[in-house]
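Chemist: Pasting a predicted model and its sequence here:
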Amino acid sequence: MKKFLTSFPNLLLTLTLCFMLSSCSSTGVKMGEDSPWETIQFEDQSNALDIDFIDNNHGFLVGSNRLIMESNDGGKSWEKRTLDIAAEENFRLLDIDFRGSEGWLIGQPSLVMHTIDEGKNWTRLSLGKLPGQPFLVSTVDDGVAELATTSAAIYVTSNSGETWEAKVSDPSEQGGIRDLRRTSNGDYVSVSSLGNFFSTLENGSDTWIAHQRASSKRVQSIGFNPNGNLWMLSRGAEIRFNEDSNDLESWTKPIVPILNGYNYLDMGWDPEGNIWAGGGNGTLIVSKDDGKTWDSDPLASNLPTNFIKIQFLEKDELDSNKGFILGERGYILRWKG
């Protein structure tokens with residue numbers, strides 16, 4: 001009897017784990033034979049946070065510790081640049097976005113810069129007192145841009161940043177954000193700072209709509225696939241897809257390709273339609289069958305970095321899509337195809 005009582009808690013734990021795993025789709029991951037990526041390592045070990053290109057060759061990368069780099073060969077090589085900012089101001093450059101020769105750059109704390117000559121010269125703009133810190137900037141048209149902040153406030157300028165008009169009537173219910181994405185047609189999705197719910201904002205609306213998360217696991221990040229449907233990454237390395245844009249409470253069963261103690265931080269779709277998911281400790285996996293099975297990238301798995309952002313750039317100014325995965329400690333990956 002004593003032996004049975006001793007083993008009963010272990011049996012109960014085993015049954016509980018089996019029940020939990022049965023509600024997930026665990027595909028298993030094998031190592032891929034080759035990689036479509038090439039590694040670029042910068043001497044400056046600041047974290048790259050965003051990247052954009054003006055044309056096929058000319059692009060910029062920004063990151064922590066005032067990091068700004070320029071490429072003139074399609075991203076194969078990069079040279080460090082400087083901004084006309086006082087030396088004592090240590091900004092975290094979060095986002096950069098171009099439309100033709102006009103571009104916008106934002107950073108924290110409270111930095112917005114504007115260029116009309118492909119980044120040769122940047123003008124620093126005064127924001128005044130806005131709720132939250134700059135988080136995302138989007139170039140909409142000549143002299144027109146949208147700026148989103150960490151409080152989910154969104155402002156629009158139509159005169160190159162001389163004045164800004166509030167687009168969202170009351171973002172206070174958001175309580176801050178940890179992730180925010182925008183589609184090219186002006187729809188937004190955000191994750192609350194605690195990861196306990198997500199919200200959507202349709203183009204033309206001035207009110208965020210809150211939605212329940214898919215499970216008790218906190219949401220890590222959320223975004224749009226090429227068709228405009230949502231995907232969700234949650235704690236516990238869970239991946240989910242929303243297949244009906246008219247029902248944002250309906251999600252697929254969680255996919256858990258691999259449990260290595262690290263969460264996935266971002267996802268992206270390459271030009272061939274393959275799905276990439278990246279995370280901590282060199283975790284980078286790809287699915288070529290809409291998430292049914294996954295392979296681990298052999299190049300990325302050997303790199304001592306966390307992959308924090310996956311970007312495939314598709315815009316009129318580019319003859320072909322460009323892809324980059326931004327990592328920490330000076331590492332990025334460039335898409336070879």
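Modeler: Perfect, thanks for sending it.
Chemist: what distance separates stretch 95-106 from the middle of the whole chain?
Modeler: Offset of stretch 95-106 from its chain centre (CA atoms, centre = their mean, to the nearest Å): 17 Å.
Chemist: quick check: mean pLDDT across that stretch?
Modeler: The average pLDDT within stretch 95-106 is 97.
Chemist: Same check on stretch 39-50?
Modeler: Over the span of stretch 39-50, the pLDDT mean works out to 94.
Chemist: That one: which residues count as buried?
Modeler: Using 16 or more other CB atoms under 10 Å as the test for burial, stretch 39-50 gives 39-40, 42, 46-50. All C-beta atoms are positioned from the backbone trio N, CA, C, and that covers glycine.
Chemist: Does Arg124 touch Asp84 like I think?
Modeler: Yes - look at Arg124 against Asp84 with CB atoms under 8 Å: they come within range, at 7.3 Å.
Chemist: between those two, which one's more packed in?
Modeler: Neighbours per residue, other CB atoms under 10 Å: of Arg124 and Asp84, the larger number sits with Arg124, 14 against 9.
Chemist: For the chain, just list every one of the helices.
Modeler: For the chain, the helices defined by DSSP state H cover 2-22.
Chemist: got any ranges where it has weak pLDDT?
Modeler: Applying pLDDT under 70 to the chain picks out residues 1-28, 169-174.
Chemist: what about the residue nearest to Thr283 when sequence neighbours are not counted, distance to Pro36?
Modeler: Excluding the flanking residues, the one nearest Thr283 by CB to CB, 6 or more residues apart in numbering is Tyr262, at 5.3 Å. Tyr262 sits 22 Å away from Pro36, going by CB to CB, to the nearest Å.
Chemist: repeat for Asn56
Modeler: Distance from Asn56 to Pro36, by CB to CB: 18 Å.
Chemist: repeat for Asn229
Modeler: Taken as CB to CB, the span from Asn229 to Pro36 is 24 Å.
Chemist: One more: Thr82?
Modeler: 33 Å.
Chemist: Pick out whichever of those two has more residues nearby.
Modeler: Each of Thr82 and Pro36 has its neighbours counted (other CB under 10 Å); Pro36 has more, 18 against 7.
Chemist: count of neighbours near the spatially closest residue to Ala148 that is not a sequence neighbour?
Modeler: Closest residue to Ala148 apart from its sequence neighbours, by CB to CB, 6+ apart: Leu136 at 4.3 Å. Leu136 has 22 neighbouring residues, counting by other CB under 10 Å.
Chemist: Next: Asp316.
Modeler: Counted with other CB under 10 Å, the neighbours of Asp316 add up to 7.
Chemist: which residues sit in contact with it?
Modeler: Neighbour list for Asp316: empty [criterion: CB atoms under 8 Å, 6 or more residues apart in numbering].
Chemist: Please consider this matter closed, and thank you.
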